[in-house]
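Participant: What would the 3D arrangement of this be:
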Amino acid sequence: MKNRRIVLAARPTGAAGTEHFRLETVETPPLAEGQVLVRHHWLSLDPYMRMRMNEGKSYAQPQKLGEAMIGGTAGVVLESRHASYAPGDTVVGSGGWQEASVVDAGASGVLRKVDVSRVPLAAYLGAVGMPGVTAWVGLVKLIEPKAGETVLVDAASGAVGGTVGQLAKARGCRAVGIAGGPDKCAYVVNELGFDACIDHRAHRDFASLAAALDAAAPAGIDGLFENVGGLILDVALSRMNAFGRIALCGMIAGYDGGPMPISEPRLLLTQRLRLQGFIVSDHLKEWPAALAELGAGVADGRLKYRETVAEGLENAPAAFIGLLAGRNFGKQLVKLV
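Facilitator: Reported below is the predicted structural model:
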């Protein structure tokens, strides 16, 4: 079958733009034994993809030029030459920015069947997928929250941040978010149930943001789930309590290559802070427990989430650039079917 895909055409030297991508049409190869053909219904767009567009040392190999951009997908099996999969099975995997993919279904972790009777298929790319598990691992295993503590998360209206706050509240913590704009902050408090949310667009310097954080977290911060870096991390460090824990998930403020200085790194020592960078794929043994809690929460309505949907593969690059600029609300998806 004919397959449209979006490939990385050039590496950005600063901000990424739609000119760094190219839409092309190719034929899917015939299936070999053990392979399945998947028609993607949904494509996940996530901030980590921007870092993979760069060359240089990182936690994973850079995205290759001229190949379909990496990305999580959810769809339906069209054809199978693997005993565990049949046409019509709903599956999630990492099919990339394309309408279909041929998958070696026997390889570990590349494809899994999902039940859509109580959880929508798209949610397996968000709250009950990689972003949700990222939130769960960072909070539960790295921050290790205790009832009565204060947990701060930036990018709080996003797929990861919104889940962090809800999981923290379920564990008896005070949840404080940072998000961009009054609408996002209202959503974080009124729909997701955070105790407070700070609009970083209204507090663009250290003193202003610090004062807002003091008001929202008067007892200081015990756990920080960091997605952004830059000024927000700098201010948050200054308000960390002794023996605070920081789960360093993302630093989107620096993905375009700009510097992100920390004004008082000594606080890591004097406050005896524990800072752990992490990638969710390093914690595969935690996925079953995380998915069990997340899936149950979505199925019974306790775990809330929001999606921003772009229609059509050709609109994926613009949607991705919008995600990096914070124009999405909640999980950014591309609907392919």
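
Participant: you'd agree Arg5 is in a strand?
Facilitator: Yes - Arg5 forms part of a strand when assessed by DSSP: H, G, I helix; E, B strand; the rest coil.

Participant: what's the distance between the nearest residue to it once chain neighbours are set aside and Arg4?
Facilitator: In space, and not counting its chain neighbours, Arg5 is closest to Gln98: 3.4 Å by CB to CB, 6 or more residues apart in numbering. C-betas here are computed from N, CA, C, even on glycine. Per CB to CB, to the nearest Å, Gln98 is found 7 Å from Arg4.

Participant: List the residues that are in contact with both of these two.
Facilitator: Leu313 (CB atoms under 8 Å, 6 or more residues apart in numbering).

Participant: For the two, work out which one has more neighbours and name it.
Facilitator: Using other CB atoms under 10 Å as the criterion, Gln98 and Arg4 rank with Gln98 on top: 25 against 17.

Participant: pretty sure the residue nearest to Arg5 is in contact with Arg39, am I right?
Facilitator: No - shown here, Gln98 and Arg39 do not form a contact pair, counting by CB atoms under 8 Å, at 10.4 Å.

Participant: measure Leu8 to Leu23 for me?
Facilitator: Per CB to CB, Leu8 is found 12 Å from Leu23.

Participant: re earlier: residue contacts, the residue nearest to Arg5?
Facilitator: 3-6, 40, 68, 313.

Participant: In a markdown table: those residues, plus pLDDT and distance to Glu149.
Facilitator: Below are the contacts of Gln98 laid out as a markdown table (pLDDT from 0 to 100; distance: CB to CB, whole Å):
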| residue | pLDDT | distance to Glu149 |
| --- | --- | --- |
| Asn3 | 98 | 49 |
| Arg4 | 98 | 48 |
| Arg5 | 98 | 46 |
| Ile6 | 98 | 43 |
| His40 | 98 | 41 |
| Ala68 | 97 | 43 |
| Leu313 | 98 | 43 |
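
Participant: Let me know the closest of those to Glu144.
Facilitator: His40 (36.6 Å; CB to CB).

Participant: burial count for the residue nearest to Ala219 when sequence neighbours are not counted?
Facilitator: Once flanking residues are discounted, Ala219 sits nearest to Thr150: 5.7 Å by CB to CB, 6+ apart. Thr150 is flanked by 24 other residues according to other CB under 10 Å.

Participant: repeat for the one 4 residues further on
Facilitator: For Asp154, the tally of surrounding residues (other CB under 10 Å) stands at 29.

Participant: again with Lys141
Facilitator: 15.

Participant: Contacts only, for the nearest residue to it once chain neighbours are set aside.
Facilitator: Nearest residue to Lys141, sequence neighbours excluded (CB to CB, 6+ apart): Glu286, at 6.2 Å. Glu286 sits next to 133, 136-137, 140-141 when contact means CB under 8 Å, 6+ apart.

Participant: make it 10 Å
Facilitator: The contact partners of Glu286, by CB atoms under 10 Å, 6 or more residues apart in numbering, come to 133, 136-137, 140-141, 280.

Participant: In helices, which of the residues you listed fall?
Facilitator: Among these, the members found in helices (DSSP state H) are 133, 136.

Participant: Which residues are in contact with the residue nearest to Ala219?
Facilitator: Counting by CB under 10 Å, 6+ apart, the residues that Thr150 touches are 168, 173-176, 195-196, 216-224, 239, 241, 244.

Participant: Among these, the buried ones, what's the ChimeraX command?
Facilitator: Of those, the buried ones go into a single ChimeraX selection, burial set by 16 or more other CB atoms under 10 Å:
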select :168,173,174,175,176,195,196,216,217,220,221,222,223,224,239,241,244
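
Participant: Of the contacts of Thr150, which belong to strands?
Facilitator: Among those, the members falling in strands (DSSP state E) are 174-176, 196, 221-224, 241, 244.

Participant: now, the most widely separated pair of those?
Facilitator: Top of the distance list for these (CB to CB): Ala196 and Gly244, 17.8 Å.

Participant: Please report the distance of Glu27 from Leu37.
Facilitator: The spacing between Glu27 and Leu37, counted by CB to CB, is 12 Å.

Participant: which of the two has more neighbours?
Facilitator: Leu37 (22 against 8).

Participant: is it true that Lys184 touches Ser157?
Facilitator: Yes - here Lys184 reaches Ser157: they are 4.1 Å apart, a contact under CB atoms under 10 Å.

Participant: hey, what's in contact with both of these two?
Facilitator: Here Lys184 and Ser157 share the contacting residues 177-178, 197, 306, 326, 329-330, scored by CB under 10 Å, 6+ apart.

Participant: What is the most widely separated pair among these?
Facilitator: Ile178 and Arg306 (17.0 Å).

Participant: Can you give me the domain assignment for this protein?
Facilitator: Domains of the chain are assigned by automatic domain parsing as 2-125+306-335, 130-281.
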